[in-house]
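> Provided below are the primary sequence and the corresponding predicted coordinates.
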Amino acid sequence: MTDPATTQPAAPLPLPPIAEPFRLPFHYGALHNLGIDYLVDPETAAKILARTHPRLAPADFAGRACVSLNYQLYFAQYGDGSGITEEVEINIVAYPRGEEHRMAHVSYAEYASGVDQSKLLGIGRIHVLCDNTIAISAGTRLFAEPKLPARFTATMPSLNGPDTSTWHIRVLDADFAADGSITSGKQLLFSIDARLDGLAGAPVNNTPITGYGTDSEGRLLAGRLGVYHPYHFHPLSSETTTRVSLHIADTASPVGQDLSALLDRAAPVGVWTYQSAPVAAHNRPYYLP
């Protein structure tokens, strides 16, 4: 029997390199975020997760796995300019295989509320669709995200818009043009509608969010996203699940095939939102006599 007192600890791992010209951490100037969770068949989730992240296992929530669709609109300011990015992540909530002994048993509701502060339960990214070439390069080279070009049209709650809590996101297929830019949107891949007006919710401390990536050499990376204000979580019941809908327009695309397989007959169980607070307001003018 091995004596733990005499067992030599494993050598510490080197940190992944930071590819030029990027700097870490990456600071968001503003973030608008909609996440929708589904409890799904664990065997299907495990099969699709293993294709991209063989060292991850799906989280177990009372015999179901969890798929999370994550739309982001964010702004970043750089030393020589600025950028606006939209993207959608298709994630399976997962943890590194062999780490079960470090994990607390939590229900889906506890996980969504931020109870698990070990942060071993993170997001295994299956597809990441993005409209910004710099963000695609950074996500791929820094975090080993499976990131591809796409285009979006989105309406969401805004202090500069109508008084509503409805989100509508359309995700369109795109490609890289000859000059390296992203082509205009072509085929609609899928759309998301979330009508949250009047829906009960509560602030939750569910960050930092651990994002997992698997690089070309099969090494598993983990990176955390810290958001400096609580999210707002809306649990869905059988009476309110129709507030959220997903339409898969292109079922033949890789994204459409995976969504169709993962979400077969699955209903959404929770919605979480985050919208950066405004930092200034330019007010209505007035006449001088």
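Arrived safely. In this text, all values refer to a predicted model and were calculated from it rather than measured experimentally.
> for residue 273, helix, strand, or coil?
strand (DSSP: H, G, I helix; E, B strand; the rest coil).
> contacting residues around it?
33-35, 167, 196, 231-232, 234 (Cβ atoms under 8 Å, 6 or more residues apart in numbering). Where you see a C-beta, it was placed from the backbone N, CA and C, and this is true even at glycine.
> Does residue 277 touch residue 229 like I think?
Yes. Judged on Cβ atoms under 8 Å, residue 277 makes contact with residue 229 at a distance of 7.4 Å.
> out of these two, which sits in the busier spot?
residue 229 (13 against 7; other Cβ atoms under 10 Å).
> Please tell me how far the more buried one sits from residue 192.
Residue 229 sits 23 Å away from residue 192 when distances are taken as Cβ to Cβ, to the nearest Å.
> which SS state does residue 258 fall under?
Of the three states, residue 258 takes helix under three-state DSSP.
> what does stretch 251-260 rub up against?
Under Cβ under 8 Å, 6+ apart, the answer for stretch 251-260 is 48, 90, 126-127, 129, 171, 173, 187, 189-190, 246, 248-250.
> what do you get if the cut-off is 6 Å, keeping everything else the same?
48, 127, 189, 248, 250 (Cβ atoms under 6 Å, 6 or more residues apart in numbering).
> Sticking with the third one, tell me its helix or strand.
The one in question is residue 189. Under the criterion of DSSP states H and E, residue 189 resides in strand 188-195.
> Check the average confidence over that strand, would you?
For strand 188-195, mean pLDDT rounds to 98.
> again, but for stretch 84-92
pLDDT averaged over stretch 84-92 gives 98.
> and it, which residues are buried?
Within stretch 84-92, the residues that qualify as buried are 85-92, counting by 16 or more other Cβ atoms under 10 Å.
> buried stuff in the helix or strand harbouring residue 255?
Using DSSP H and E, residue 255 falls within helix 254-262. By neighbour count with 16+ other Cβ under 10 Å, helix 254-262 contains the buried residues 255-256, 258-259, 262.
> need those in CSV with distance to residue 148 and pLDDT, can you?
Shown next, in CSV, are those (distance: Cβ to Cβ, whole Å; pLDDT from 0 to 100):
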residue, distance to residue 148, pLDDT
255, 9, 97
256, 13, 97
258, 13, 98
259, 15, 98
262, 18, 98
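> what's the closest of those to residue 58?
Of all the buried residues of helix 254-262, residue 262 has the smallest distance to residue 58: 10.6 Å, by Cβ to Cβ.
> you'd agree the closest one is up against residue 38?
No. Using Cβ atoms under 6 Å, residue 262 makes no contact with residue 38, being 7.5 Å away.
> quick one: the helices in the chain?
Counting by DSSP state H, the chain has helices at residues 42-52, 108-112, 133-143, 254-262.
> Which elements pack onto the third one?
For helix 133-143, the contact count by 3 or more Cβ pairs under 6 Å, 6 or more residues apart in numbering; DSSP states H and E identifies strand 147-155 as packing neighbours.
> hmm, back to that, out of the buried residues of helix 254-262, which comes closest to residue 137?
Relative to residue 137, the closest of the buried residues of helix 254-262 is residue 255; by Cβ to Cβ it sits at 20.2 Å.
> Specify the beta-bridge partners of the residue nearest the centre of the chain.
With distances taken as Cα atoms, centre = their mean, the residue of the chain nearest its centroid is residue 70 (3.8 Å). Beta bridges link residue 70 to residue 35, residue 89, judged by DSSP bridges.
> same check, this time on the one 5 residues further on
According to DSSP bridges, the partner residues bridging residue 75 are residue 30, residue 84.
> tell me the pLDDT at it?
pLDDT, residue 75: 96.
> quick one on the thing from earlier: residues shared between the contacts of residue 262 and residue 38?
Looking at what touches both residue 262 and residue 38 (by Cβ under 6 Å, 6+ apart), the common residues are residue 67.
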